[in-house]
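*Asks:* need coordinates for the following:
(chains A, B and C)
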Amino acid sequence: MYALVDCNNFFVSCERVFAPYLNGKPTIVLSNNDGCAIARSEEAKALGIPMGAPLFKFRDIVEAHDVKVFSSNFSLYGDISRRVVDVLHRFAPEVEVYSVDESFVYFPFDITPTDALEWGRKIRDVIWRWVGVPTRVGFGPTKTLAKLANNMAKERSDGVCYVGADYTDLFKKTPIENVWGIGRNNTKKLYSLGVYTVYDFTSKTNAFIRKNFTVVGLKTAFELRGVPCFTLEDAPEPRKNRLISRSFGEEVTQLADLKEALVQFCHAGGRKLRKAGQFASALGVFVRTNPHKNRKNVTSGSAVLNFEAPTNNTLQLIKGVEALVKKVYVPGHAYKKAGIMLFELVQAHTPRQQSMVPEEGGYDHIGEAPALMEALDAIQKKCGRFSIGFGRYGLKARPSQSKWQGRREKTSPLYTTSWEQLPDVK
DNA sequence: TCTGGGGTCCTAGGACCC
DNA sequence: TCTGGGGTCCTAGGACCC
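*Replies:* Down below sits the predicted model:
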């Protein structure tokens, strides 16, 4: 038996944990750069604010109804997310963190749907009391059915639901696009093939599904019929690539500004690699002008280089960026977005080809962080992320002074991850 | 004026090997 | 007239997820 535990309107719910005055008020959280609505409270949804819509398109609604607006505060959301997962581990030994607001839970013992629903109510109750965010719990014999049940739980007053493989009546009423793994494109194709509901889909032959939707679609069909094809990934595979990118607050035309942004991304990238014990084999840089401003004339560029030996040394990433940015930067263009990509990430213990001629300033033994990086991480951890950097790359003392930094005008405090910003209890 | 930031998996087809 | 039977690796592109 699988369960999917999903936090309702997660980012908004996180904001409400420490600001209960927001309860009952229409509230939204914006994407980076205060661009789009990426989380909406039920009240905000009722006002017609669409998911992913840019703020300027519904600003009149915000003003007319006094919608509470927040910039995204991912430190807070990440911390709340960890707390939710901690609670789940008390209920079941096997938990797969699927995303920041969703986890799969596997119950390895026999459990009836009735008992499952009782468990679900208990899980919701404890998360609500201990962490302070509302959740929904869906149960099913496969992950896909649990996910569907989670969707159905929206309609249930107790926020829990079970869906079995034999729920034919339900399947006849459920649109196929509600199924996990059936996206926009497949929906269009399914409609054209006369498939509109879950029932229509599961009734098709395997050969038909395989032919039109590859093994991916076939697995989904099996899952809906109650045959598990996706198991719990309790020890997720280490990630293979990493992307660090941002849209800029203001368009960037100068090479120095572009470089400064990319160097910041290298800091973030290096830190993330070291934390995960990973090393990047190759580095990519990309830049892009604003696609919304001049749709016909969006320019982008990218370049990649291979490291002689995989690295997680920030300084080596920066050196790589220095070489690559010259290839992609074209004077006269106004860049709106840029990023770095770290490819073919390897773990410290992965066997690898040694370089015959060690790079100057590099290091030979993978897994051995150079003392400089250890010091950098330690100082940044103690004194803050911008307390130290590589001076010659134009790092300003406070990066908010840079034009490439995005807008974050309505950020809530770091209630749980900064000593200075702990909330007061009166 | 203003439009996010991450990821994964699968397939087809070409180049190349014996 | 008739033209084998295996493989691997890489890339681009398309689909999906949050």
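*Asks:* restrict the helix or strand where A:Ser247 lies to CA atoms and write it as CSV.
*Replies:* Assignment of secondary structure by DSSP states H and E places A:Ser247 within strand A:242-252. Provided in CSV are the C-alpha atoms of strand A:242-252 (Å, rounded to 0.1, in the frame of the first residue of the first chain):
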residue,chain,number,x,y,z
ARG,A,242,22.8,20.6,-11.9
LEU,A,243,21.6,23.9,-13.2
ILE,A,244,22.0,27.3,-11.4
SER,A,245,20.3,30.1,-13.2
ARG,A,246,18.4,33.3,-12.6
SER,A,247,16.4,35.9,-14.5
PHE,A,248,18.0,39.3,-13.9
GLY,A,249,16.2,42.2,-12.1
GLU,A,250,17.5,44.6,-14.8
GLU,A,251,18.8,43.7,-18.2
VAL,A,252,22.5,43.3,-18.3
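*Asks:* so that strand, near DNA strand B or not?
*Replies:* Yes. With C-beta under 7 Å from any atom of the strand as the measure, strand A:242-252 is seen reaching DNA strand B through A:Arg242, A:Leu243, A:Ile244, A:Ser245, A:Arg246, A:Ser247. For the C-beta atoms, the positions are set from N, CA and C on the backbone; glycine is no exception.
*Asks:* report pLDDT for the closest residue in space to A:Phe107 that isn't next to it in sequence.
*Replies:* Of all residues not flanking A:Phe107 in the chain, A:Met1 sits nearest, at 4.4 Å (C-beta to C-beta, 6 or more residues apart in numbering). Listed pLDDT for A:Met1 reads 93.
*Asks:* I'd say A:Met1 and A:Tyr106 touch.
*Replies:* Yes. In this structure A:Met1 lies within contact range of A:Tyr106 using C-beta atoms under 8 Å: 7.5 Å.
*Asks:* identify, from the residues of strand A:242-252 next to DNA strand B, the entry nearest to DNA strand C.
*Replies:* DNA strand C has its nearest neighbour among the residues of strand A:242-252 next to DNA strand B in A:Leu243, at 12.4 Å by C-beta to the nearest atom of the strand.
*Asks:* run the chain-centre distance for whichever strand or helix holds A:Phe307.
*Replies:* A:Phe307 belongs to strand A:300-311 when assigned by DSSP H and E. Its chain's average C-alpha position is 24 Å from that of strand A:300-311, according to C-alpha atoms, centre = their mean, to the nearest Å.
*Asks:* quick revisit: which PyMOL command selects the buried ones in the residues of strand A:242-252 next to DNA strand B?
*Replies:* Those of those that count as buried under 16 or more other C-beta atoms under 10 Å are selected in PyMOL with:
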select buried, chain A and resi 242+244+245+246+247
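*Asks:* what's the burial count for A:Lys143?
*Replies:* 23 (other C-beta atoms under 10 Å).
*Asks:* circling back: make a markdown table from the residues of strand A:242-252 next to DNA strand B and add pLDDT and distance to A:Asn178 to it.
*Replies:* Below are the residues of strand A:242-252 next to DNA strand B laid out as a markdown table (pLDDT from 0 to 100; distance: C-beta to C-beta, whole Å):
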| residue | pLDDT | distance to A:Asn178 |
| --- | --- | --- |
| A:Arg242 | 90 | 32 |
| A:Leu243 | 91 | 29 |
| A:Ile244 | 93 | 33 |
| A:Ser245 | 92 | 31 |
| A:Arg246 | 91 | 33 |
| A:Ser247 | 91 | 31 |
